[in-house]
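Peer 1: Please work out how this folds:
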Amino acid sequence: MAMCWTPLSKISTDRDNWTIKVRVLRMWDAINTKNNEFISLDMIFIDEEGSTIHAIVRKNQARTFRPQLLEGRVYTVKNFRVESTKGEFRPMHNDIRIWFMTITTNMESNEDMNSIQKYCFEFADYDQIQNQCYNYTYLIDVVGKLVAVGNVEEPQVNGAPRKLRNLQLLLKEGKEIRLSLWGTSVWQIDEDVYKNNPGPFVLIATSTIVKSFGGKFSLSSTSATKVHLNLEIPEDGFENYTVAKIFDAPSNEKKIPMQSLSDNKSATVNFVRSSQESSSAISSMINTNDATKGENDKSSQIEQIRIDQTSNVEDEETDDDNIPINMLYKR
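Peer 2: The predicted structure is shown next:
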């Protein structure tokens with residue numbers, strides 16, 4: 001007998017015995033950056049309707065549930081608490097969220113679940129990024145053309161060294177913006193891939209925050225951030241393709257391998273609710289970029305340059321906002 005489940009759009013806070021069938025879109029460890037303390041195991045679920053919800057496993061239950069859950073897999077989840085969404089650093093737009101309980105059960109689905117999409121983002125354009133500056137209610141998903149990659153540095157932040165890698169992105173509006181990856185996020189980008197391949201590269205970064213210094217806006221990673229480079233997204237559910245192809249690169253140009261450069265087994269807001277919409281959004285960005293950049297994109301030679309700008313940290317209460325960017329590999 002087939003099990004019945006409720007769409008995410010229909011669950012509410014009035015009971016705890018819901019049954020849902022969802023894919024784990026992303027999963028990550030929520031970390032307090034002030035003391036590096038583990039807070040919770042967090043996930044984003046998505047169902048067949050394309051609805052998404054933030055799900056949380058408390059610190060004291062993480063050891064039990066972590067081995068039972070894998071990013072990308074589909075599960076039937078039963079008996080969880082639903083509560084109104086509160087506080088800052090929300091990874092996506094939903095008025096409710098899920099908390100795992102001791103009695104929560106989850107069973108991996110062995111059925112063909114291609115009907116549940118594998119990717120879903122809430123991309124912000126440049127105006128929305130500006131409006132979210134120092135507003136940490138919602139985290140920002142961003143897509144852009146990667147134009148510069150910095151070395152891994154270890155600046156002093158709140159009296160202790162912290163790993164940092166700065167990237168430069170070209171957005172669809174023709175604006176460049178810095179993305180600072182902090183902590184273990186620095187290893188989600190391999191600078192050798194960028195230096196040794198002709199590109200182009202389309203980068204997606206999830207769950208970032210927006211800050212400004214000297215009148216310039218910048219993005220910083222959080223513990224929820226996941227980076228995708230030239231992500232393969234199914235279009236209309238038929239075939240996978242690498243987003244780099246939409247640049248219409250010459251046929252003799254070296255193929256760029258798809259990179260999902262993340263060890264983090266881990267959206268404000270222009271909603272992108274399907275793989276097809278994601279593909280359209282990226283295609284639109286590339287077409288705009290090609291018209292805007294002009295001469296700057298004609299040369300693929302990599303040169304090392306020093307950029308006299310500053311970097312912002314993930315922790316909003318830090319006073320150390322004056323960290324220089326080191327050498328960048330820029331196209």
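
Peer 1: Please identify the helix or strand for T13.
Peer 2: Using DSSP states H and E, no element contains T13; it sits outside every helix and strand.

Peer 1: Kindly apply the preceding question to M107 instead.
Peer 2: Taking DSSP H and E as the definition, M107 sits inside strand 105-108.

Peer 1: Give the next helix or strand downstream of that strand.
Peer 2: strand 121-123.

Peer 1: which helices and strands does the helix or strand following that next one pack with?
Peer 2: Next along the chain after strand 121-123, taking DSSP H and E as the criterion, comes helix 126-131. Here helix 126-131 touches strand 140-150, strand 216-220, going by 3 or more CB pairs under 8 Å, 6 or more residues apart in numbering; DSSP states H and E. No exception for glycine: its C-beta is placed from N, CA and C like everyone else's.

Peer 1: the inter-axis angle of the first one versus strand 216-220?
Peer 2: Going back to what we said before, that points to strand 140-150. Angle between the axes of strand 140-150 and strand 216-220 is 100 degrees (criterion: axes from the mean of the first three to the mean of the last three CA atoms, to 10 degrees).

Peer 1: Give the partner strands of the next helix or strand after strand 140-150 in its sheet and their orientations.
Peer 2: Next helix or strand after strand 140-150 toward the C-terminus (DSSP H and E): strand 156-157. When pairs are called by DSSP bridges, strand 156-157 turns out to pair with strand 160-161 (antiparallel).

Peer 1: And the contacts of the strand holding M107?
Peer 2: Applying CB atoms under 8 Å, 6 or more residues apart in numbering, the contact partners of strand 105-108 are 65, 68-69, 73-79.

Peer 1: Tell me which two in those are the farthest apart.
Peer 2: R73 and N79 (19.1 Å; CB to CB).

Peer 1: picking up where we left off before, any idea which of the helices and strands packed on helix 126-131 gets closest to V202?
Peer 2: Closest approach to V202 among these is made by strand 140-150 (6.1 Å; CB to CB).

Peer 1: Can you spell out which helices and strands pack onto that closest one?
Peer 2: Looks like strand 140-150 contacts strand 121-123, helix 126-131, strand 164-170, strand 176-182, helix 191-196, strand 202-213, helix 275-293, strand 328-330 (3+ CB pairs under 8 Å, 6+ apart).
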